[in-house]
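Peer 1: Could you look at this predicted model? Sequence included:
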Amino acid sequence: MVVHHVFSGNKIPEQLISSVDGFIAAELDFCPEMKRIAEIHPLVLLNRRDSDNKSDSVMPDHYNGMRKGIEQLYDMGHRKFAFFGLRTFHLHHAERFGAYNQVISELDLPVPDPAWIFIPFRKERSLNDVDHNVKETLSAIIKMKDRPTALICAADVYALSFIKLAAEMKIRIPQDISIIGFDDIRDCENSVPPLSSITQPLEKMGSIAAKLLIGRINGNVDSPLGIRITTEWKARGSIASPGKW
């Protein structure tokens with residue numbers, strides 16, 4: 001039987017701890033409470049890694065997905081790649097930014113112009129704040145003499161805002177600039193043009209986490225595993241060969 005508990009940062013109720021055989025912690029930091037739980041029951045981290053390597057963890061392979069997307073853009077002729085993300089980065093966006101830099105290096109491209117890296121601090125967690133930062137980014141790109149031809153976004157919600165606001169600012173996607181996102185949320189297929197994105201295999205990740213937990217409950221004492229699940233690249237209408245604008 002599965003029991004769902006929303007962890008708000010306080011201690012997990014002792015009644016819950018005593019009534020279960022193990023925990024899957026989804027997208028939770030390995031905080032003191034998680035460390036305490038790991039000393040009592042088997043614990044598997046889902047969409048989060050354990051820096052102490054004391055618990056099993058299941059994460060998407062951000063590098064793999066980013067590589068597939070950027071390599072396709074490279075094969076289409078792109079050499080000028082920009083990046084957009086809003087700080088403070090959580091783990092996933094930090095890894096995606098790192099993957100962007102690593103793939104650029106592996107393709108033996110020059111280090112991206114610092115002006116093409118857009119990682120402002122957000123003032124609030126709202127779509128209005130996203131739109132504000134996206135609009136400022138588009139305005140900055142328009143003013144550049146040497147413009148990037150492709151924009152890599154740390155998440156779909158950012159990329160979708162670019163598609164919406166670019167149309168308002170008379171910037172054509174993908175004719176002027178190609179855009180990709182990450183997560184492959186439902187709105188990607190409905191945007192105009194449809195957004196190219198990297199899919200996280202959420203169902204597979206959950207299944208593997210459950211199998212790991214059941215194994216620990218049944219007595220598996222092997223060293224903790226840090227499993228990365230392959231992501232899938234979905235190419236859609238938001239990318240094309242680089243144009244001149």
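Peer 2: Received, thanks.
Peer 1: Would you tell me what the next helix or strand after the lowest-mean-pLDDT helix or strand in the chain is?
Peer 2: Every helix and strand of the chain was ranked by mean pLDDT, DSSP states H and E. The lowest is helix 32-40, at a mean of 92. Next helix or strand after helix 32-40 toward the C-terminus (DSSP states H and E): strand 43-46.
Peer 1: what about that following strand, average pLDDT?
Peer 2: Averaged over strand 43-46, pLDDT sits at 96.
Peer 1: And that strand, what does it pack against?
Peer 2: strand 23-26, helix 32-40, strand 56-60, helix 202-217 (3 or more CB pairs under 8 Å, 6 or more residues apart in numbering; DSSP states H and E). In short, each C-beta sits where N, CA and C put it, glycine included.
Peer 1: outside of it, which residues touch it?
Peer 2: Outside of strand 43-46, the residues within contact range by CB atoms under 8 Å, 6 or more residues apart in numbering are 22-28, 30, 34, 37, 55-58, 205-206, 209, 212-213, 216.
Peer 1: one more time with 10 Å, if that's ok
Peer 2: 22-30, 34-38, 50, 54-59, 202, 205-206, 208-216, 224-227 (CB atoms under 10 Å, 6 or more residues apart in numbering).
Peer 1: Give me the buried entries from the residues you listed.
Peer 2: The neighbour-count test (16 or more other CB atoms under 10 Å) marks 22-26, 28, 30, 34, 37-38, 50, 55-59, 205, 208-210, 212-213, 215-216, 224 as buried among these.
Peer 1: thinking again about what came up before, which one, of the helices and strands packed on strand 43-46, ends up nearest to residue 233?
Peer 2: Judged by CB to CB, the one of the helices and strands packed on strand 43-46 that comes nearest to residue 233 is strand 56-60, at 12.5 Å.
Peer 1: Going along the chain, name the helices of the protein.
Peer 2: Secondary structure of the chain (DSSP state H): helices located at 14-19, 32-40, 62-75, 91-106, 127-143, 156-168, 202-217.
Peer 1: Give the rounded mean pLDDT of the third one.
Peer 2: Average pLDDT, helix 62-75: 97.
Peer 1: gap between that helix and the chain center?
Peer 2: 13 Å (CA atoms, centre = their mean, to the nearest Å).
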